[in-house]
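Colleague: Show me how the following folds:
(one chain, ligands or ions: 1)
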Amino acid sequence: MKYVSTRGQAPVLSFDDVLLAGLARDGGLYVPETWPEFEPEEIRAFRDLDYPALAVQVMLPFVGAAVTEDELAEIVAAAYAGFGHKAVAPLKQLGRNEWLMELFHGPTLAFKDYAMQFLGRMFDHVLGQRGQRVTVVGATSGDTGSAAIEAFRDREAVDVFILHPKDRVSDVQRRQMTTVLSANVHNIAVEGSFDDCQDIVKGMFNDPAFRDDMGLAAVNSINWARIMSQVVYYFWAGVALGAPDRPIAFAVPTGNFGNVFAGYTARRMGLPVDGFVVGSNRNDILTRFFESGEMTTRAVVPTLSPSMDIQISSNFERLLFDIHGADGAEVARLMSDFRRDGTFSIAPGLLQETRELFRGFSSDDEETKRMIAQVYAETGEILDPHSAVGVAAARAGWAEPDVPMVILATAHPAKFPAAVEEATGIRPGLPASLAGLFQRRERCDVLPNDLAAVKAHVRARSRWRN
Ligand SMILES: *Cc1c(COP(=O)(O)O)cnc(C)c1O
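Modeller: Okay, the predicted model is just below:
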């Protein structure tokens, strides 16, 4: 399998190069040159597999020569061994044909672990093969950071720098990052928004000298390997509910569009998905896009679901590339409009097609709390605010009761105890694995929203020099 950039100007790379490269050198994102496709009988056979075995089958077509099937099986087994539920990604029924897929049974209690635990081990494997070291830099709206730190802490071949927006992540989220005191882990609180953090990370990657000097690697969802590992649970839910003999729909609480794009990938690979409802909080750029075909940024507003307080959904570029028939020049043009004017539009015909598969729905904080309370009253299930945005989107945006609707529950309620308590009167407790989080010492550097300052900091602290 070869990978091409969404902007058409970067070298074509193999899986292991894409794994370490993250962002393409033309500013684009790597995508597979072709979509591997499963036959219906292959998908039917997935019903007999447990989660790790399914993960091997779904990811094998993407990895190429860098990893053998046996090695992949070992990596996957290790990645999911520490998860807190035997099913790894259990499905819970909420209504007649409404299901919650709980993606919060990893070590940091958000769905990011499903990709990151895999990615950490994949890095080890490939870096070991090459005798190389890297500096991982990433921006987080809250959950990516802790998942990355947990996956990369104490790994000899990796230094990890995680930027989070100062005071805009929850206390649990911050402490899950800042209480990891490993020498290779560096937390940076940026005086700005998540989009500012993401811009700084992109700025570091867009400086070829800095990128090479530091051996930069990305673990944000711009990294294809993350998307790839998230494709697995779409198949998991699909075959559990009757695929390929029955269609399915998903509602996904969305920020960077990575998780939804993994679902779209599953559909491209043959999973019969009838629709995706893209759930947003008040940062509703995607909802507005699916209404109008116009992507226009506004200022980010803080909400109860901070991991989705995002106005620039990086992974949307991958969808743009695909719906434009892999026309990198056109995507490059749209993205340069976007950078210059904060807006771009797609052709009405394309919007029409896109809307046949995707719809957007946004909820404000009041609606989110109401949904947490309502689902608790109906089922006893306690949702976190992100998952509640997903349920709200499913209920408002999906009207085909005979197609099973799976809502992705992206975080454990204990990550956002204040909002959950306000909605239900119950303060969800942290699982035993995180007891003592509030007694641990924190370490973090506060830096201005300034690319040069962050670069200087990374340069000074990284153990890695080319
Ligand atoms: C990251 C995150 C999201 C958004 O996922 P994207 O892939 O960025 O769309 C939603 N919910 C939670 C809890 C998250 O951590």
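Colleague: for the ligand, what are the nearby residues on the stretch 1-150 of the chain?
Modeller: 110, 112, 143 (Cβ under 6 Å from any ligand atom). Backbone N, C-alpha and C define where each C-beta goes, glycine included.
Colleague: mind listing the strands for the stretch 101-250 of the chain?
Modeller: With DSSP state E, counting those that start in this stretch, the ranges of strands along the stretch 101-250 of the chain come out as 134-139, 158-165, 185-191, 216-218, 248-253.
Colleague: Quick check: which of those is nearest to Phe152?
Modeller: Across those, Phe152 has its closest neighbour in strand 158-165 (4.6 Å, Cβ to Cβ).
Colleague: Just the mean pLDDT for that closest one, thanks.
Modeller: Mean per-residue pLDDT for strand 158-165: 96.
Colleague: Mind listing the strands it pairs with, and their directions?
Modeller: Strand 158-165 sits in its sheet next to strand 134-139 (parallel), strand 185-191 (parallel), going by DSSP bridges.
Colleague: just those: most buried one?
Modeller: Most buried of the strands paired with strand 158-165, by mean neighbour count (mean count of other Cβ atoms under 10 Å): strand 134-139, with a mean of 27.
Colleague: Need the single longest helix in this structure, by residues.
Modeller: In the chain, taking DSSP state H as the definition, the longest helix is helix 112-130.
Colleague: which strands and helices sit next to that helix?
Modeller: helix 15-21, helix 69-81, strand 134-139, helix 143-152, helix 224-240 (3 or more Cβ pairs under 8 Å, 6 or more residues apart in numbering; DSSP states H and E).
Colleague: ok so, going back, same list, the residues of the stretch 1-150 of the chain next to the ligand, but as JSON lines with neighbour count please.
Modeller: Formatted as JSON lines, these follow (neighbours: other Cβ atoms under 10 Å):
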{"residue": "Ala110", "neighbour count": "26"}
{"residue": "Lys112", "neighbour count": "32"}
{"residue": "Asp143", "neighbour count": "28"}
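Colleague: Show me where the stretch 301-450 of the chain has its helices.
Modeller: Remark: helices assigned in the stretch 301-450 of the chain by DSSP state H, counting those that start in this stretch are 316-323, 328-341, 348-357, 365-379, 385-397, 417-424.
Colleague: Now mean pLDDT too, for the ones you listed, in CSV please.
Modeller: CSV is the format used below for the helices of the stretch 301-450 of the chain (pLDDT from 0 to 100):
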stretch, mean pLDDT
helix 316-323, 98
helix 328-341, 95
helix 348-357, 96
helix 365-379, 98
helix 385-397, 97
helix 417-424, 95
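Colleague: Which of those sits closest to the ligand?
Modeller: Evaluated over the helices of the stretch 301-450 of the chain, closeness to the ligand peaks at helix 385-397, with 3.6 Å, by Cβ to the nearest ligand atom.
Colleague: what separates the closest one from the chain centre, distance-wise?
Modeller: 17 Å (Cα atoms, centre = their mean, to the nearest Å).
Colleague: Could you see whether the ligand lies near that helix?
Modeller: Yes: counting by Cβ under 6 Å from any ligand atom, the ligand has neighbours in helix 385-397: His386.
Colleague: Any buried residues in stretch 411-430, and which?
Modeller: Within stretch 411-430, the residues scored as buried using 16 or more other Cβ atoms under 10 Å are 411-417, 419-420, 423-424, 428, 430.
Colleague: I'd say Ile75 and Val126 touch.
Modeller: No: between Ile75 and Val126 there is no contact under Cβ atoms under 8 Å: 10.4 Å.
Colleague: Who has more neighbours out of the two?
Modeller: Ile75 (24 against 20; other Cβ atoms under 10 Å).
Colleague: contacting residues for the more buried one?
Modeller: 67, 118, 121-122, 125 (Cβ atoms under 8 Å, 6 or more residues apart in numbering).
Colleague: quick one: which of the residues you listed is nearest to Ser221?
Modeller: For the contacts of Ile75, the nearest to Ser221 is Phe118 (13.1 Å; Cβ to Cβ).
Colleague: Which of the residues of the stretch 1-150 of the chain next to the ligand sits closest to the ligand?
Modeller: The closest of these, once distances to the ligand are taken by Cβ to the nearest ligand atom, is Asp143, at 3.1 Å.
Colleague: How about the closest one, nearest residue that isn't a chain neighbour?
Modeller: Spatial nearest neighbour of Asp143, chain neighbours left out: Ala110 (3.8 Å); criterion: Cβ to Cβ, 6 or more residues apart in numbering.
Colleague: is the ligand contacted by stretch 418-435?
Modeller: No: on the criterion Cβ under 6 Å from any ligand atom, stretch 418-435 is out of touch with the ligand, staying 12.1 Å away.
Colleague: so Tyr30 makes contact with Lys2?
Modeller: No: taking contacts as Cβ under 8 Å, Tyr30 lies outside contact range of Lys2: 9.7 Å.
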